[in-house]
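> Starting from these lines, generate the structure:
(one chain, ligands or ions: 1)
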Amino acid sequence: MAYSEEIRKRRTFAIVSHPDAGKTTLTEKLLLFGGAIHVAGAVKSNKIRKTATSDWMDIEKQRGISVATSVMAFDYAGHKINILDTPGHQDFAEDTFRTLTAVDSVIIVIDIAKGVETQTRKLMEVCRMRKTPVIVFVNKMDRDGKDPFDLLDEIEEELQIKVRPLSWPIDMGQAFRGVYNIYEKKLDLYTPSKQYVTESLEFKDIQNPELEKHIGPGLAGSLRADLELIEGVYPSFDVETYLRGDIAPVFFGSALNNFGVKELLDCFIRIAPSPRPVQALERRVEPEEENFSGFVFKIHANMDPNHRSCIAFVKVCSGHFERNVNYRHVRFDKLMRFSSPTAFMAQKKETVEEAFAGDIIGLPDTGNFKIGDTLTAGEELHFKGLPSFSPEMFKYIENADPMKAKQLNKGIGQLMDEGVAQLFTNQFNGRKIIGTVGQLQFEVIQYRLLHEYGAQCKWEPISLYKACWIASDKKETLENFRKRKMQYMALDKEGREVYLADSAYVLAMAQHDFPDISFHFSSEF
Ligand code: G4P
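Now for the predicted structure:
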């Protein structure tokens with residue numbers, strides 16, 4: 001196939017972590033290796049500082065920074081690496097989930113001292129669901145932390161994935177001496193420095209007495225014992241098992257000190273998958289197919305309220321995308337062409353002539369796209385895997401300025417298309433309910449409605465527990481359910497039927513009383 005060489009070179013992935021574990025630092029070091037940036041500190045953390053209350057400046061900053069760092073591409077050792085950034089703040093978790101639909105693999109960063117944290121657990125659930133291959137990077141080895149064996153047990157238990165260390169730390173904290181790179185059979189000695197890159201020695205035979213010379217007899221002895229235990233306890237590393245998402249290789253290092261990062265990257269480009277097939281409703285789409293297809297997984301609004309334009313991020317699923325060529329917008333069934341598609345090389349956004357499967361392109365948009373939209377060379381395709389998840393918080397949204405009802409409705413519609421939050425329309429009283437993952441999103445919506453649409457909204461409380469997408473092949477049962485739960489039935493933005501349960505207890509009762517109905521916390525099941 002003509003494009004297969006280009007496609008094989010690509011590695012499209014995301015780095016995810018609980019805030020503060022070191023995602024930004026690791027991203028930056030990877031970019032340094034790729035020569036995409038030249039000084040440390042060039043990648044800004046896109047998290048909202050925990051100390052800051054969610055004031056407007058922070059929200060704006062978050063939006064500004066995250067478009068610049070949404071995708072960072074660079075070339076390394078004959079490969080084209082696409083790193084997709086994910087928002088650090090947990091209120092934007094839905095955004096992160098969607099980004100994970102556009103990657104072929106994931107690197108999870110875990111802080112050696114903190115171990116597995118909430119956010120990591122949630123993100124891993126999504127990876128597991130999608131069978132995304134995962135590599136774990138245990139960070140901050142220059143600090144004291146958990147015993148590495150205990151941490152591996154914790155990862156296996158908490159993240160429900162089998163692990164296989166491919167490097168092993170030699171002590172930690174102040175006494176940290178480096179790692180033994182099991183994958184390449186090398187001894188990587190640690191010098192604490194932000195500029196200095198690992199000293200790496202070929203070290204095939206761990207019994208070689210030279211080891212004592214490098215790390216002293218005590219540490220040499222315990223390293224040998226640890227490695228023996230690893231070989232005994234963990235299965236030997238098998239790339240296929242990793243690619244199936246059944247085992248996660250683990251590396252140890254210190255991103256801040258640039259230690260263990262190159263080893264991670266070198267192993268990554270060898271084992272991580274190139275673009276994988278993507279399932280559409282109609283059929284499975286192979287990346288090597290000649291015809292272009294792709295889907296919108298993220299929409300980013302312009303920061304400038306005077307130019308209400310957005311960038312739609314499209315993951316190329318197959319074939320070859322070209323500038324100024326007509327493609328079919330499947331939902332509208334109309335042809336569109338793009339004169340200034342952009343790619344993101346490190347920090348720079350530039351117009352591109354072409355892109356291949358695995359790449360992410362940014363298409364300037366004035367409201368034509370919504371999350372999940374498909375573009376193709378002509379074929380009718382609908383990509384799966386961009387479900388809505390049940391929100392955690394719900395509020396009625398009301399118009400606070402009767403003169404601006406039209407603007408408000410338009411604003412709500414477009415913000416929902418962007419995936420800022422979810423809209424449900426109560427079938428009983430016709431009121432609109434907005435569902436979010438966190439409080440911050442309500443503030444973002446209110447702010448943007450005012451600044452971008454000149455509309456004012458107010459929130460009114462509603463006590464709801466979960467949104468459940470319901471289904472049953474028994475029409476009569478569904479009809480009974482609708483009658484019984486009349487006040488709690490709603491439609492989501494796509495017109496799918498949703499039951500808004502007001503408590504866990506009520507939901508459990510409903511499930512008990514209506515065994516023929518299936519209740520789902522996500523819109524795709
Ligand atoms: P995040 O994107 O996952 O939220 O984490 P980020 O990279 O911003 O790192 C969080 C903090 O941890 C930063 O310190 C960073 O310098 C530090 N850090 C990252 N990797 C290492 C490491 O290997 N060892 C040590 N000791 N620290 C590490 P900060 O004080 O919050 O920010 P900054 O002022 O240094 O930017």
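
> Could you list the residues of this protein in contact with the ligand?
Taking Cβ under 6 Å from any ligand atom, the part of the chain that reaches the ligand is made up of 17, 19-25, 45, 47, 88, 139-140, 142-143, 254-257. All C-beta atoms are positioned from the backbone trio N, CA, C, and that covers glycine.

> Of the residues you listed, grab the buried ones for ChimeraX.
Entered in ChimeraX, the line below selects the buried ones among those, by 16 or more other Cβ atoms under 10 Å:
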select :17,19,20,21,22,23,24,25,45,47,88,139,140,142,254,255,256,257
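
> got the contact list for residue 248?
Contacts for residue 248 were tallied using Cβ atoms under 8 Å, 6 or more residues apart in numbering; they are 108, 134-136, 155, 159, 161-164, 242.

> Go again with 10 Å.
106-108, 124, 127, 133-136, 152, 155-156, 159, 161-164, 166, 241-242 (Cβ atoms under 10 Å, 6 or more residues apart in numbering).

> returning to what we had before: cross the residues of the chain next to the ligand against strands and list the overlap.
Using DSSP state E, the subset of the residues of the chain next to the ligand located in strands is 17, 139.

> Residue 361: what secondary structure?
When classified by DSSP: H, G, I helix; E, B strand; the rest coil, residue 361 comes out as strand.

> Give me the distance between the nearest residue to residue 340 once chain neighbours are set aside and the ligand.
Of all residues not flanking residue 340 in the chain, residue 351 sits nearest, at 5.1 Å (Cβ to Cβ, 6 or more residues apart in numbering). Computed as Cβ to the nearest ligand atom, to the nearest Å, the residue 351 to the ligand distance reads 29 Å.

> quick one: residue 351 and residue 363 touch, right?
No. At 11.3 Å, residue 351 does not count as touching residue 363 under the criterion of Cβ atoms under 10 Å.

> Just checking the distance from stretch 96-108 to the centre of its chain.
Centroid separation between stretch 96-108 and its chain, computed with Cα atoms, centre = their mean, to the nearest Å, is 4 Å.

> Using PDB, list the CA coordinates for that stretch.
Extracted in PDB, the C-alpha atoms of stretch 96-108 (Å, rounded to 0.1, in the frame of the first residue of the first chain):
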ATOM      1  CA  THR A  96      -9.700  13.800  28.500                       C
ATOM      2  CA  PHE A  97     -11.900  10.800  27.800                       C
ATOM      3  CA  ARG A  98     -12.600  12.000  24.300                       C
ATOM      4  CA  THR A  99      -8.900  12.700  23.600                       C
ATOM      5  CA  LEU A 100      -8.200   9.100  24.600                       C
ATOM      6  CA  THR A 101     -10.500   8.000  21.700                       C
ATOM      7  CA  ALA A 102      -8.000   9.600  19.300                       C
ATOM      8  CA  VAL A 103      -4.800   7.900  20.600                       C
ATOM      9  CA  ASP A 104      -3.300   4.500  19.800                       C
ATOM     10  CA  SER A 105      -1.600   4.100  23.100                       C
ATOM     11  CA  VAL A 106      -1.100   5.800  26.500                       C
ATOM     12  CA  ILE A 107       1.800   6.500  28.900                       C
ATOM     13  CA  ILE A 108       0.600   6.800  32.500                       C
END
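
> List the buried residues in it.
By neighbour count with 16+ other Cβ under 10 Å, stretch 96-108 contains the buried residues 96-108.

> Provide a list of residues in contact with the residue of the chain positioned farthest from its centre.
Centroid-distance maximum for the chain: residue 209 at 44.9 Å, with Cα atoms, centre = their mean. By Cβ under 10 Å, 6+ apart, the contact list for residue 209 reads 217, 220.

> what separates it from residue 170, distance-wise?
16 Å (Cβ to Cβ, to the nearest Å).

> Identify the residues contacting the residue nearest to residue 340.
Counting by Cβ under 10 Å, 6+ apart, residue 351 touches 323, 338-343, 362.

> what do you get if the cut-off is 8 Å, keeping everything else the same?
Residue 351 makes contact with 323, 340-342, according to Cβ under 8 Å, 6+ apart.

> which parts of the strand or helix carrying residue 480 are buried?
Using DSSP states H and E, residue 480 sits within helix 475-484. Within helix 475-484, the residues scored as buried using 16+ other Cβ under 10 Å are 478, 481.

> hmm, who's touching that helix?
Residues outside helix 475-484 that contact it (Cβ under 8 Å, 6+ apart) are 470, 472, 489, 499, 510, 514, 516-517.

> Of the residues you listed, just say which sits nearest to the ligand.
The nearest member of these to the ligand, counting by Cβ to the nearest ligand atom, is residue 499 at 36.6 Å.

> Assign that closest one to helix, strand or coil.
When classified by three-state DSSP, residue 499 comes out as strand.

> what's the burial count for it?
By the criterion of other Cβ atoms under 10 Å, residue 499 has 21 neighbours.
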